[in-house]
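In: fold the following and give me the result.
(chains A, B and C)
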Amino acid sequence: MHLEATEPGTGARKLFRRIPRGAAAVAAVGAVLCAATVSAEVSAESQFVLNTFSFLIWGALVMWMCAGFTMLEAGSVRTKNASVICLKNIGLYSIAGLAYYLIGYNLMYTDVGSLIGTVQLGYGPSDAERSLLSGEEAAAGAVVDQGYSTMSDWFFQMVFVATAASIVSGTLAERVKLWSFFAFTAVLTAIIYPVVGAWTWGGGWLSEMGFQDFAGSTIVHSTGGWAALAGAMVVGPRLGKFRADGSVRSTPPSNVPAVTLGVFILWLGWFGFNGGSQLALAGTVDAVAMSNVLVNTNLAAAAGVMAAVSVSRAILGRVDLLAVLNGAIAGLVSITAGPDIVDHHWAIVIGAIGGIICTLGMKLMESLKLDDVVGAVPAHLFAGVWGTLAVCIAAGGNFVTQLVGILSIGVFVFAFSFLLWMALNKIMGARVSPTVEELGQDAAELGIEAYPEFVLMPDDDGLEDAQ
Amino acid sequence: MHLEATEPGTGARKLFRRIPRGAAAVAAVGAVLCAATVSAEVSAESQFVLNTFSFLIWGALVMWMCAGFTMLEAGSVRTKNASVICLKNIGLYSIAGLAYYLIGYNLMYTDVGSLIGTVQLGYGPSDAERSLLSGEEAAAGAVVDQGYSTMSDWFFQMVFVATAASIVSGTLAERVKLWSFFAFTAVLTAIIYPVVGAWTWGGGWLSEMGFQDFAGSTIVHSTGGWAALAGAMVVGPRLGKFRADGSVRSTPPSNVPAVTLGVFILWLGWFGFNGGSQLALAGTVDAVAMSNVLVNTNLAAAAGVMAAVSVSRAILGRVDLLAVLNGAIAGLVSITAGPDIVDHHWAIVIGAIGGIICTLGMKLMESLKLDDVVGAVPAHLFAGVWGTLAVCIAAGGNFVTQLVGILSIGVFVFAFSFLLWMALNKIMGARVSPTVEELGQDAAELGIEAYPEFVLMPDDDGLEDAQ
Amino acid sequence: MHLEATEPGTGARKLFRRIPRGAAAVAAVGAVLCAATVSAEVSAESQFVLNTFSFLIWGALVMWMCAGFTMLEAGSVRTKNASVICLKNIGLYSIAGLAYYLIGYNLMYTDVGSLIGTVQLGYGPSDAERSLLSGEEAAAGAVVDQGYSTMSDWFFQMVFVATAASIVSGTLAERVKLWSFFAFTAVLTAIIYPVVGAWTWGGGWLSEMGFQDFAGSTIVHSTGGWAALAGAMVVGPRLGKFRADGSVRSTPPSNVPAVTLGVFILWLGWFGFNGGSQLALAGTVDAVAMSNVLVNTNLAAAAGVMAAVSVSRAILGRVDLLAVLNGAIAGLVSITAGPDIVDHHWAIVIGAIGGIICTLGMKLMESLKLDDVVGAVPAHLFAGVWGTLAVCIAAGGNFVTQLVGILSIGVFVFAFSFLLWMALNKIMGARVSPTVEELGQDAAELGIEAYPEFVLMPDDDGLEDAQ
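Out: Model (predicted):
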């Protein structure tokens, strides 16, 4: 190791030459006291603190991903819909947090049978924690035995459901009604995602089969992607997106730096998303694994970027910045099912293939006349499927089991979402009127423009030549 | 608990079934050695490290809130004042840090009597820390006994004073002079806020009365709000904001995605603001409490959003995005006085009421002809008062004590700020000239426009019909 | 200390009056068991976990700096080049990560002789870590003895190389070709920076001489600055920047709030950059030092801002917002070589001088007809040189040694970069054609505009009057 190559006191960056002090002290007393082997380890209470803190810090970074989705989407839509997409995003994060508190978490994690957990309102600290906080020192042992604080886990799980909901808003931007989107979000975060979660992370039937999805390539990202795809089919494409002659109207992002900022935010947040999914920071194994997770996450994203840079000209006719940015996300989604692999070159391969799949997927969506404003389905669903299968290559997953998981979750989420979107369409209308769409949701639904002072280009390719 | 429901080795997300290793080892030796009970706990030095790290990490997130205020304000003002508000914000953060280092901290925390601490220039590591860093190992014990490193505490306290100062810039945007704003900021952060802090967190008379304000609904947010309100009264409304016929001129934000980004940044930073205010991460109790704090913080913000979504149409005539974004902030401010409550549904109630109060407050300010560009007074002052009273409901605060705290701090900060703004107005002019205001501070004061390449809408509602 | 001034149970913010519990327990048993002295310390495994976590968390914040550079640069260029600078930035971060994984890290840190480390493809966990992760519990001891996980260190080092690369893109914006920039980045991050790193942090000849550069004023920031300067000389100024009559054409930033956001991101990220460079969080000394580092980092940046505010009118003819924002960066760069000083007032002095040097440097660059779009050379190179020398004042550095380090690294990086830019210019052309430059790289190279819907001011000062 380079560590020992340097002398103390020099300018070398690795000079903490540590024979860890604890260990040294232990050596000194080791012959006398067997307790010494205990004190070289992380104490039970320290484990509790570190596990909890890991959930909180990494969870906070995952919350930050919602800002990333917001910037990505606000920059991707046309200016006339940029305010309403901001409202949708802060709304969905709020709804997700409340719905998961009221219903979702218990459905996903409390006394899970094979299919679902418990229908029960609200969630809170354990009895032991309440006792401890009210001054009963005797409860401390029972709390420490939990391994982490109850609500730190809840917090970390909550930001995940918000991520799934964030995926939907991008795909359906510029035409889905504010209130039907909110209604869909409530059901997605209270029921759909929690049921998928119960099957898997909650310990249900897919978990028992051995389905592997470390941080949610399928459970979070494909779930969001399937829900978005169903919505795109029911709601339909934006007016004029696909012309009568079969050509596709270009709808470039209105604010490219905002989109880029969004992707950087997501990239940063993903360190929390994958790193925190180690679910513990209790000792050597966790620390080593978490480090590998962050490295793989970064390598996969970088590879997704460079792969998209390389192939976008061939596939899309130019070095397409949006495909490149989406390539980062696809790389991240791809590694999410198995970011703890030890051979890091596999992360590069998996991320690069994810970036290519995503770029191809953007082309595919257009040729299928499915209008996905931000390319969320290729990045989250297609790359999510790939990432879940890739676990078989590098992380020892079983191909059939992975496929069963992908398909069953896909069928469930897609079918439920499709029916729900149909019902919402019936009840309250899923889509704004052509007039509102033409005018923009900002002016028509909110009465507030995103950039009221800037003079805009006339939109010369509007309704008249719509399909 | 769902934790034990799953078997190791499955795909379940909760499989670290930990009987904490330390505890297990302890059990093995517990019969022999009483030291075993020690090693199950967090060692004194580990406590020191964790407490310190908690201050640093959460403090860094609180610093990030200054970027949030900057984006919120730069997006809220008209484009002609967007550069100068950026300068005001980076300037205020810098001034706050320097003033608090030079004077403020000692006034707030060093040898606090009933009213103030010490007037003394500069601050630094403790003697024991200096000895330790210069190689005296023997000083380590004294350092560990501090509980946390001296400057980690300073860092965390410093970012709080910056938050208070950030509140003022938004209210007074678009007409307060750069240099008088900087002068006010210096006094606010060197004297006003530290005196309030000395009464409370420093251990002064309000602290002795039992006034409760966990992370500063009153101490930070209302203080900033009162200072802003006084400034708004002295400086007066923007030209043309209130027309002669009594109607209010709409001054929509110039960049809505920037405002939204700002709110997301604040939300993220608030996890540090409230979470770090546990002031320790030394063991089970702290970790459990900090988790509850983050959960309540998030729930209150989400409830503030949804409450504002629900009532803004009734109060303001439409689903008002700005009211919704401000609702998030109001929810956060409301929970800040008591975010450690155990029954999380109270956080929803408190945050929701905060969101409604804020929306009503925005209306009230307009009807009082008080021009608050970003709605900071409703979000920080009105919701701060509410939050400080709400401690009586869910966190055992005494109503009279809380009221005494709110009123005494309010009178002190408002009166001091009002006189200071009057003095600044006399000495250097608090407000730019009508010509500068009409032209915009960016061109007139800085000679740099925020978006020089974009063609702007003509401002057709300017001086001529001003009050 | 104010800490003991308050009674438990009051509202005071410092009431955790802790005689640390561990210590108390230790006292109780100390007479009996020598093991007690062990359990008051941080156990070896806890040290491993904390060191590793420190690398990961702070490293994630350093990654965030790339978003800061992106926003700073995208806001600084004219709108017609804002998309391509986004692509350059996400591309450079990806290339840096891959190149450092494939080649750079081993060259910098593996078996470093006097000049370089090892040429070897790829990097990964240690053998002990692989054994431990595959279930061999016996390997745990060897892993713990490492002090931190192998890949957490790699992650932290990787984000540093990305920072160096980020500096170059800003200086050369608006005219350097996408692909030649990517090619330069690959060599910079695979070879140039790692060689400099091997001399210093890797333990090579400069390290043995005693060269001090805590977090990289020279090693990271000047290296990036020299590479940028060489590029600026080879690539040349933007068309029309320096007019035939000797006057300088003003090219104001197109999006000032984006620039400001970028600076705030950098400021936040710098807490990770400098704080994480303590390289450990293993006990009292590290925690105290890390706290001092964060405080100095913040004070120096604040001083850089206020110094630039104060002198920019004298030097540049107005209170120049860009000089002020650059002053923050210069303050941060200046303190980076020795942020662990104990007397914090020195941080203010060092940062303030950095801010002044940077402002003067912006003027100097213009008078030398060197076109640096964002002022990266003054902020990173000039302030980096100053900061490295300033170590002699406050942190005990040797002046001659520091100078040798600055000069040798300067000569090496500048010469290598200059030749490389010349070669790239020969092979693929370093600069876009005048037509592309006139039209903007966004439309010409990417076919995607940054803000396609906003009507832009006609660029009336273009080619015709270029030099």
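In: from memory residue A:213 sits against residue A:409, does it?
Out: No: Residue A:213 is not in contact with residue A:409 according to CB atoms under 8 Å; the separation is 9.2 Å. All C-beta spots, glycine's among them, are computed from the backbone N, C-alpha and C.
In: mutual contacts of those two, please.
Out: Common neighbours of residue A:213 and residue A:409, using CB atoms under 8 Å, 6 or more residues apart in numbering or on different chains, are A:200, A:219.
In: more neighbours: which of the two?
Out: residue A:213 (30 against 24; other CB atoms under 10 Å in any protein chain shown).
In: next, that one: phi, psi?
Out: Main-chain torsions, residue A:213, degrees, to the nearest 10: phi -160, psi 90.
In: distance of the closest residue in space to residue A:138 that isn't next to it in sequence relative to chain C?
Out: Distance criterion CB to CB, 6 or more residues apart in numbering or on different chains; nearest residue to residue A:138, sequence neighbours excluded, is residue A:131 at 7.7 Å. Using CB to the nearest CB, to the nearest Å, one obtains 18 Å as the distance from residue A:131 to chain C.
In: tally of neighbours for residue A:403?
Out: 15.
In: you'd agree it is in a helix?
Out: Yes: per DSSP: H, G, I helix; E, B strand; the rest coil, residue A:403 lies within a helix segment.
In: go ahead and confirm it touches residue A:385.
Out: No: if you go by CB under 8 Å, residue A:403 and residue A:385 don't touch, sitting 9.5 Å apart.
In: returning to that earlier point: right, and the residue nearest to residue A:138 touches residue A:139 too?
Out: Yes: using CB under 8 Å, residue A:131 is in contact with residue A:139, at 3.7 Å.
In: show me what from the stretch 301-450 of chain A comes close to chain C.
Out: Contact residues, the stretch 301-450 of chain A versus chain C (CB under 8 Å from any CB of the partner chain): A:301-303, A:305-306, A:309, A:318-322, A:324-325, A:328, A:342-345, A:348.
In: just the residues you listed: which are in strands?
Out: Using DSSP state E, no member of those sits in strands.
In: can you flag which of those belong to helices?
Out: Secondary structure from DSSP state H places A:301-303, A:305-306, A:309, A:321-322, A:324-325, A:328, A:345, A:348 of these in helices.
In: pLDDT for those residues - can I get that in TSV?
Out: Output for those, formatted as TSV (pLDDT from 0 to 100):
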residue	pLDDT
A:301	98
A:302	98
A:303	98
A:305	98
A:306	98
A:309	96
A:321	94
A:322	94
A:324	97
A:325	98
A:328	98
A:345	97
A:348	98
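In: on that earlier part again, and the residue nearest to residue A:138, how many neighbours does it have?
Out: Quick note: residue A:131 (other CB under 10 Å) scores 17 neighbours.
In: for the stretch 251-400 of chain A, what lies in contact range of chain B?
Out: Residues of the stretch 251-400 of chain A found near chain B (CB under 8 Å from any CB) are A:255, A:258, A:261, A:277, A:279, A:280, A:282, A:283.
In: among the residues you listed, name the ones in helices.
Out: A:258, A:261.
In: tell me how many other residues crowd the closest residue to chain B within the stretch 151-300 of chain A.
Out: Residue nearest to chain B within the stretch 151-300 of chain A (CB to the nearest CB): residue A:201, separated by 3.0 Å. The number of residues packed near residue A:201 is 31, by other CB under 10 Å.
In: hmm, residue A:223 and it touching each other?
Out: No: using CB under 8 Å, residue A:201 is not in contact with residue A:223; the gap is 11.8 Å.
In: about what we covered before: for PyMOL, what selects the buried ones among the residues of the stretch 301-450 of chain A next to chain C?
Out: Applying 16 or more other CB atoms under 10 Å in any protein chain shown to these, the buried members can be selected in PyMOL as follows:
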select buried, chain A and resi 301+302+303+305+306+309+319+320+321+322+324+325+328+342+344+345+348
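In: ramachandran angles for residue A:454?
Out: phi -90, psi 130.
In: need the contact list for it.
Out: By CB under 8 Å, 6+ apart, the contact set of residue A:454 is A:79, B:79, B:451, B:454, B:455, B:456, B:457, C:454, C:455.
In: so the last one touches residue A:453, yeah?
Out: To tie it back to what came earlier, the one meant is residue C:455. No: Residue C:455 lies out of contact with residue A:453 (CB under 8 Å); the separation is 11.6 Å.
In: pick out whichever of these two has more residues nearby.
Out: A count of neighbours by other CB under 10 Å puts residue A:453 above the other of residue C:455 and residue A:453, at 20 against 15.
In: let's have the residues of the stretch 251-400 of chain A next to chain B in a markdown table, adding distance to residue C:69.
Out: A markdown table is the format used below for those (distance: CB to CB, whole Å):
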| residue | distance to residue C:69 |
| --- | --- |
| A:255 | 18 |
| A:258 | 16 |
| A:261 | 12 |
| A:277 | 29 |
| A:279 | 33 |
| A:280 | 34 |
| A:282 | 36 |
| A:283 | 36 |
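In: the residues of the stretch 251-400 of chain A next to chain B also near chain C: which ones?
Out: Among those, chain C is touched by A:255, A:261, A:282, A:283 when using CB under 8 Å from any CB.
In: the residue nearest to the first one when sequence neighbours are not counted: helix or strand, and which one exactly?
Out: In other words, residue A:255. Closest residue to residue A:255 apart from its sequence neighbours, by CB to CB, 6+ apart: residue A:75 at 4.0 Å. Assigned by DSSP states H and E, residue A:75 belongs to helix A:44-76.
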